[in-house]
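# test case, fold it:
(one chain, ligands or ions: 2)
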Amino acid sequence: MTAAMSTGTGDILQVSDLKTYFPVKSRGLLRRTVGQVKAVDGIDLSISPGETLGLVGESGSGKTTAARSILMLVRPTDGKITIDGQEVTGLSPKAMVPIRRKAQMIFQDPYNALNPRHTVGGIISAPFRVQQVTPPGGVKNTVLEIMQRVGLNPEHYNRYPNEFSGGQRQRIGIARAIALNPRLIVCDEPVSALDVSIQAQILNLLNDLQKEFGIAYLFVAHDLAVVRQISHRVAVMYLGRIMETAPRQIIYSAPLHPYTHSLLSAVPIPDPKRQAHRKSRIVLQGDLPSPIDPPSGCVFRTRCFQAHEKCAIEVPPLVEVAPGHKVACHFPIETKDLPARVEVDTALEEEAAGPVAGPHFIEPGPPH
Ligand SMILES: Nc1ncnc2c1ncn2[C@@H]1O[C@H](COP(=O)(O)OP(=O)(O)OP(=O)(O)O)[C@@H](O)[C@H]1O
Ligand SMILES: [Mg+2]
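Ligands and ions are numbered 1, 2, ... in the order given. I've put the predicted structure just below:
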């Protein structure tokens with residue numbers, strides 16, 4: 001890498017104004033493009049080494065498209081992506097090969113993500129073959145060490161993925177992702193398909209690996225309860241845009257975007273007594289609008305409990321309101337000012353001051 005290609009920020013990932021649109025084709029023989037699905041519509045993100053950014057939003061908000069675009073598994077329509085100082089936007093699949101040593105992906109579905117015809121050993125050693133890397137000590141010994149490190153029994157080297165449970169399969173996926181010592185792993189809902197107790201084990205493993213190797217994670221999830229357990233910072237996405245981003249404790253204790261308030265009100269409180277006293281939840285009205293024809297102005301306005309006329313006219317810019325805390329809303333609202341019918345539990349504010357007392361909570365370490 002030349003000095004001219006380096007961004008000089010020290011971030012492992014920088015994303016600016018990323019847009020990924022999918023064409024909508026007409027029926028019939030001609031299959032003309034008649035519209036665009038604006039799955040990701042201008043997002044900015046950055047992650048520093050050893051840090052976890054949680055990317056959260058409901059189904060269809062564009063999280064997977066953003067995650068895959070960042071690793072060029074889907075071609076972005078516009079914007080700039082820089083991984084470890086090197087711009088990757090526009091690189092051919094061949095030119096991406098060396099980048100994949102530094103940036104890997106873990107997928108949601110551990111059943112489909114692993115080739116059923118390959119053994120565990122074959123799957124985890126694949127990155128060495130693709131990258132033509134022979135680690136000191138040889139590939140097989142290294143793979144056996146990695147298996148041990150992620151909690152797999154090295155005796156299972158010659159077994160096939162379908163012989164394993166969901167949690168074990170996700171460990172195989174993690175082993176494959178860390179094989180080449182990447183600096184960034186994009187994790188797309190890696191625990192969503194798993195039981196809660198298994199989720200905690202996998203999140204613990206990811207946290208431990210981060211501490212040990214200084215890996216940065218972009219961690220995608222659809223609810224704030226999971227990202228809370230692993231993220232240093234959180235970005236809230238809605239209909240292809242970032243609505244709010246802040247350090248973890250700020251997102252949970254002092255959110256300002258009505259959408260963040262509504263997502264938070266769905267997060268269960270670990271203490272059953274406080275859960276019982278939770279005030280009314282903010283229930284979002286209607287479905288996520290179509291990303292083919294998003295609402296004018298603020299895309300969230302059609303489901304917002306306090307939308308004003310301005311919200312239909314002007315797109316709210318993502319404005320920094322405090323260090324690291326950005327919000328895209330014309331009328332940001334503090335928890336204490338929420339109207340009674342959408343009041344969120346202030347218990348969340350108390351919890352955010354210290355570690356959450358939930359049975360599965362894992363405090364992420366400081367960024368490396
Ligand atoms: N290949 C594609 N072609 C056309 N539209 C697509 C394609 N992939 C995704 N979309 C659309 O883009 C939007 C965002 O989808 P995406 O899968 O990125 O959302 P998500 O936030 O990951 O949702 P989920 O939580 O359900 O995984 C959706 O409207 C989806 O239908
Ligand atoms: Mg998804």
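
# alpha carbons only for contacts and neighbour counts from here, please
Fine.

# ok, and the closest non-adjacent residue to S48?
Sequence neighbours aside, D11 is the residue nearest to S48 in space, at 4.2 Å (criterion: C-alpha to C-alpha, 6 or more residues apart in numbering).

# and if you look at S125?
In space, and not counting its chain neighbours, S125 is closest to V143: 6.3 Å by C-alpha to C-alpha, 6+ apart.

# run a quick check on that neighbour versus A179, I expect a contact.
Yes - between V143 and A179 there is a contact under C-alpha atoms under 8 Å: 7.4 Å.

# identify the contacts common to the two.
I124, S125 (C-alpha atoms under 8 Å, 6 or more residues apart in numbering).

# mind checking which of the two has more residues around it?
The residue with more neighbours, out of V143 and A179 and counting by other C-alpha atoms under 10 Å, is V143; that gives 25 against 22.

# does that one count as helix, strand or coil?
The local conformation at V143, judged by DSSP: H, G, I helix; E, B strand; the rest coil, is helix.

# surely S16 touches D41?
No - using C-alpha under 8 Å, S16 is not in contact with D41; the gap is 10.9 Å.

# residues of the stretch 1-150 of the chain that sit close to ligand 1?
For the stretch 1-150 of the chain, the residues in contact with ligand 1 under the definition C-alpha under 6 Å from any ligand atom are F22, V37, A39, E58, S59, G60, S61, G62, K63, T64, T65.

# doesn't S125 lie inside a helix?
Yes - following the definition three-state DSSP, S125 is counted among the residues of a helix.

# hang on, the earlier thing: which ones are touching the residue nearest to S125?
Each residue near V143 by C-alpha under 8 Å, 6+ apart is listed here: G121, I124, S125, A179.

# need the single longest strand in the chain, by residues.
Ranked by residue count and defined by DSSP state E, the top strand of the chain is strand 33-47.

# quick check, distance from stretch 252-268 to the centre of its chain.
17 Å (C-alpha atoms, centre = their mean, to the nearest Å).

# count of residues packed around T89?
Other residues near T89 come to 22 when the count uses other C-alpha under 10 Å.

# any idea how far ligand 1 is from it?
Note on T89: its distance to ligand 1, by C-alpha to the nearest ligand atom, to the nearest Å, is 18 Å.

# on the pLDDT front, check that residue for me.
Predicted confidence (pLDDT) for T89: 95.

# which phi and psi does it have?
The phi and psi values for T89, taken as degrees, to the nearest 10, are phi -60, psi 130.

# same deal with the one 5 residues further on?
Note on K94: backbone dihedrals following degrees, to the nearest 10 are phi -70, psi -40.
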